[in-house]
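okay, predicted coordinates and the sequence, questions at the end:
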Amino acid sequence: MNLRYRLNLIVTAVLLIILVIGAVKAIHSAREDVRAEVASTMDFALHMLNAELSHFKFKDKVLKEQPESPFMLNKLTGVRHLRIEFYGMHNQLIESNEDETSNDHKPYPDWFGREMYSALDDLKPERLPVYVNSQKIGELVIKPKPDNEIAEAWDETKTLLTMISLFFVFVNILVYLVVARALKPIDQIISALTDIETGNLDSRLPIFELPEMASISHKFNMMASTLQSSIRNNHRLTQQIIRLQEAERKSLAHELHDEIGQHLTAIHVDASVIKSTNDLEAAKKSASAIDEVVGLMMDILRTMLQRLRPGGLDELGFIAAMQELVDSWRERHPNIEVEYQFDGEFSSLEENAQLTLYRVIQECLTNISRHSKAKQAWIILKEEKRAIHLTVSDNGKGFEPSQHTQRFGLAGMKERLDSVGGTFDITSNLNQGVTIDVTVPKQGDNA
């Protein structure tokens, strides 16, 4: 069951409970009204008849001329809510105000009548003895007869219940329409999410009228924009990685062809000389040349392997490898003064994080030598409680970071740091140098 029907079902249940409570209160109020009305009428009739009997004297003539109707109760058929009867000494009914021609049809349901009559259980018939010349001749009996009052109460209750029922139906329809209108944005949200799922990242939500839905619109559109930007950056970085890979392969191919190929050719020539000559001196000279070429090839191979993966990390350890990196760079660039400070043991740093920091420092040093025109550079690497903090700065010409985010290998550095949960921040202005702050969490802190 979807949310719309569930909300309507809850509202319907609440309204139904209100309807039942209203019906019960209406019936209870009708019971109280019927009882109060009948009790009041009986009390009034009792006082009136007591007053009448206190000074009324029957005459023998009345009893003789009207033995079947001495009190002429048939003229009181219009009295509401009461049945008045006159009984003789032998408990025989002599007369009553009951209209014998009236039908027994009740203009109210039986269940309603039973509810109303149950309220009159404590109203017992009242009996008034009748005396003539100090001789008891019978009794006047007053009984409740609430049919008319019950009929009126039923009409009022029926009207009230009808109004409550109409209110129930009206509110139900109104709530259904309001809920349907309020939840209409959900269909648009689902449609937009489906578009995102199928790869349509241009999908956006309109700004809805409801503040809560409007907030969802803003958040969704921001999420879609961020996702779209992230995917575009990923595509761009993927293309950049592919280009870098191809450039690296091309460079390696050139070096293998130009350097290794030439040296191998020289070795082949000298080996052929040794093979074909009988001159010991010529053979020694060729062997010496081969030894020299092999040494050059080993240097070239070591440099190529260093570019592919710094061997110092495995052989020397993290701190020694970093020191070797900076010292070898310093030897190649004696015109730039470099100061470095490595504080900490870095024993809890993962291999991937170590390689990332190594490559970041390597890239920073490359940028300093190629672009900064700096005279001084500083490298500070500190081990803190939960993370490793690296700062690389120089006093070179600087640049505007917002205009060069894709240059100087900055995107590659950020991508490397993202892979280990690190952060990257760059500060620079023209002619004020560059400062790069890097934070890499220790093992387990980036989980």
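All right, it came through fine.

when you work out contacts or count neighbours from here on, use the C-alpha atoms and nothing else.
OK.

which stretches of this protein have low pLDDT?
For the chain, the stretches with pLDDT under 70 are 1-2, 55-72, 74, 77-79, 99-105, 306-315, 402-408, 444-447.

now the helices for it?
Listed from the start of the chain, the chain has helices (DSSP state H) covering 3-55, 60-65, 110-118, 147-182, 184-197, 211-255, 261-276, 280-308, 312-315, 318-332, 351-367, 410-419.

now do the buried residues in the last one.
Looking back up the chat, that one is helix 410-419. In terms of neighbour count (16 or more other CA atoms under 10 Å), helix 410-419 has its buried residues at Leu410, Ala411, Gly412, Met413, Lys414, Glu415, Arg416, Leu417.

ok, the nearest residue to the fourth one once chain neighbours are set aside - how many residues close by?
Take Met413 and drop its neighbours on the chain: the residue closest to it by CA to CA, 6 or more residues apart in numbering is Val360, 6.0 Å away. Burial of Val360 is recorded as 23 neighbouring residues (other CA atoms under 10 Å).

with Gln92 instead?
The number of residues near Gln92, taken as other CA under 10 Å, comes to 10.

looking at this protein, which strand is longest?
strand 135-144 (DSSP state E).

next, the buried residues of it.
Applying 16+ other CA under 10 Å to strand 135-144 flags Ile137, Gly138, Glu139, Leu140, Val141, Ile142, Lys143, Pro144 as buried.

show residues contacting that strand.
Residues outside strand 135-144 that contact it (CA atoms under 8 Å, 6 or more residues apart in numbering): 38, 42, 46, 81-89, 91, 123-131.

quick check: the nearest residue to Leu76 once chain neighbours are set aside vs Glu139, distance?
Spatial nearest neighbour of Leu76, excluding adjacent residues (CA to CA, 6+ apart): Asn97 at 5.3 Å. For Asn97, the distance to Glu139 equals 14 Å [CA to CA, to the nearest Å].

same thing with Ala151?
In terms of CA to CA, Ala151 sits 30 Å off from Glu139.

what residues are bridge-paired with the residue nearest to Phe86 when sequence neighbours are not counted?
Nearest non-adjacent residue to Phe86, counting by CA to CA, 6+ apart: Leu140, 4.6 Å away. Assessed by DSSP bridges, Leu140 has beta-bridge partners Phe86, Leu128.

just list the residues touching Thr41, thanks.
By CA under 8 Å, 6+ apart, the neighbours of Thr41 are His81, Leu82.

now it: how far from Leu76?
14 Å.

show me the residue at the heart of this protein, geometrically.
Nearest to the geometric centre of the chain sits Ile216, at 9.7 Å (CA atoms, centre = their mean).

measure it to Lys442 for me?
Applying CA to CA to Ile216 and Lys442 gives a distance of 36 Å.

Leu123 now?
Distance of Leu123 to Lys442, given as CA to CA: 90 Å.

quick one: which of those two has more around it?
Lys442 (23 against 13).

quick check: closest non-adjacent residue to the more buried one.
That would be Ala387: by CA to CA, 6+ apart, it lies 5.0 Å from Lys442.

how many residues are close by the one you found?
By the criterion of other CA under 10 Å, Ala387 has 19 neighbours.

was I right about it contacting Gly422?
No: look at Ala387 against Gly422 with CA atoms under 8 Å: they stay out of range, at 9.1 Å.

anything in contact with each of the two?
Common neighbours of Ala387 and Gly422 (CA under 8 Å, 6+ apart) are Thr439, Val440, Pro441.

neighbours of the second one, how many?
Burial of Val440, expressed as a neighbour count using other CA under 10 Å, amounts to 25.

thought it was touching Ser419?
No: at 10.2 Å, Val440 and Ser419 do not qualify as touching, with contact defined as CA under 8 Å.

which residue packs closest to Ala282, ignoring adjacent ones?
Ile274 (7.4 Å).

residue contacts, that neighbour?
Residues near Ile274 by CA under 8 Å, 6+ apart: Ala282, Ala283, Ser286, Ala287.

let's see it at 10 Å
His268, Leu280, Glu281, Ala282, Ala283, Lys284, Lys285, Ser286, Ala287 (CA atoms under 10 Å, 6 or more residues apart in numbering).

filter those to the buried ones?
Taking 16+ other CA under 10 Å as the criterion, what is buried in the contacts of Ile274 is Ala283, Ser286, Ala287.

and the second one, how far is that from Asp279?
Taking CA to CA as the criterion, Ser286 is separated from Asp279 by 11 Å.

please apply the same query to the last one.
Ala287 sits 12 Å away from Asp279, taking CA to CA as the criterion.

from what I see, Phe318 and Ser348 are in contact.
No: counting by CA atoms under 10 Å, Phe318 does not reach Ser348; the two are 11.1 Å apart.
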